[in-house]
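Engineer: I would like the atomic coordinates for the input below:
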Amino acid sequence: MLAYSVTPSGLFPRMLWALLLLAASLNAYNKNWDHLDCTKHEVTVDTGDRVVMACNISNPFRDVTIELTAYGKTSIIFNQMPPGSYVNNSWWLQIQGGQARLVITDTQGIHAGEYWWTLRGSQTNFKNFTLNVTGLATDNQELESLPVHAESLTAVRTEVIFIIIITTIIIITGISVYAWYKHHFPEAPQIQIAV
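Structural biologist: Here you go, the predicted model:
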């Protein structure tokens, strides 16, 4: 007759408690993660137009660094600790809480290039924007007209971490069940009959 341990110290209740504690701790940890939302990756504006590149996270920024790569050179435009409003030549950076906006009111050819943002909140997030400047005149683009890019690196990392944890739990559970089975049901001796 098989005997299963149903006491609080049995194998299966302990595994169930471990899974419940793991789920609770993951949920508590997720509330502190930055959820990054930024304007679209590539922006094209006409010379003289206003452009806004913005990122929001769910936690306050600790610091923001913006680099511009153009014409084979990389230069740091801003390396600031929030909150504040900062000006560097024709670039204007506004940081408040979990919001950061880079504004160029009179876009020229020197502004074109790849903008690399390093955003530190609860984690470090990276975002890049490509700014193309053309010579045709069109209407100015306001911040509200720029679509928000909803997918973030943090969301991808969350999914990967979740998959790794679930896979690890399944492997540990399988090994535990196998060890328990081997311990409680040792192999029966083999009987050989000589002919």
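Engineer: for the protein, longest helix please?
Structural biologist: Ordering each helix of the chain by length in residues (DSSP state H) puts helix 153-184 first.
Engineer: any idea how far that one is from the chain center?
Structural biologist: With CA atoms, centre = their mean, to the nearest Å as the basis, helix 153-184 stands 22 Å off its chain's centre.
Engineer: If we go by neighbour counts, what in stretch 127-138 is buried?
Structural biologist: 127, 129, 131, 133 (16 or more other CB atoms under 10 Å). All C-beta atoms are positioned from the backbone trio N, CA, C, and that covers glycine.
Engineer: now do stretch 65-79
Structural biologist: Those would be 66-68, 77-78, for stretch 65-79 by 16+ other CB under 10 Å.
Engineer: got the contact list for it?
Structural biologist: For stretch 65-79, the external contacting residues (CB atoms under 8 Å, 6 or more residues apart in numbering) are 63-64, 80, 86, 88, 91, 93, 102, 110, 112-118.
Engineer: what's the span of it from first residue to last?
Structural biologist: End-to-end distance of stretch 65-79 (CA to CA, to the nearest Å): 4 Å.
Engineer: so how far is that stretch from its chain's centroid?
Structural biologist: Taking CA atoms, centre = their mean, one finds the center of stretch 65-79 at 23 Å from the center of the full chain.
Engineer: can you pull the pLDDT of the nearest residue in space to Pro82 that is not next to it in sequence?
Structural biologist: The shortest distance from Pro82 to any non-neighbouring residue, by CB to CB, 6 or more residues apart in numbering, is to Ile95 (3.7 Å). Ile95 is assigned 90 on the pLDDT scale.
Engineer: was I right about Ile95 contacting Gln80?
Structural biologist: Yes. Contact status for Ile95 versus Gln80: in contact at 6.4 Å, counting by CB atoms under 8 Å.
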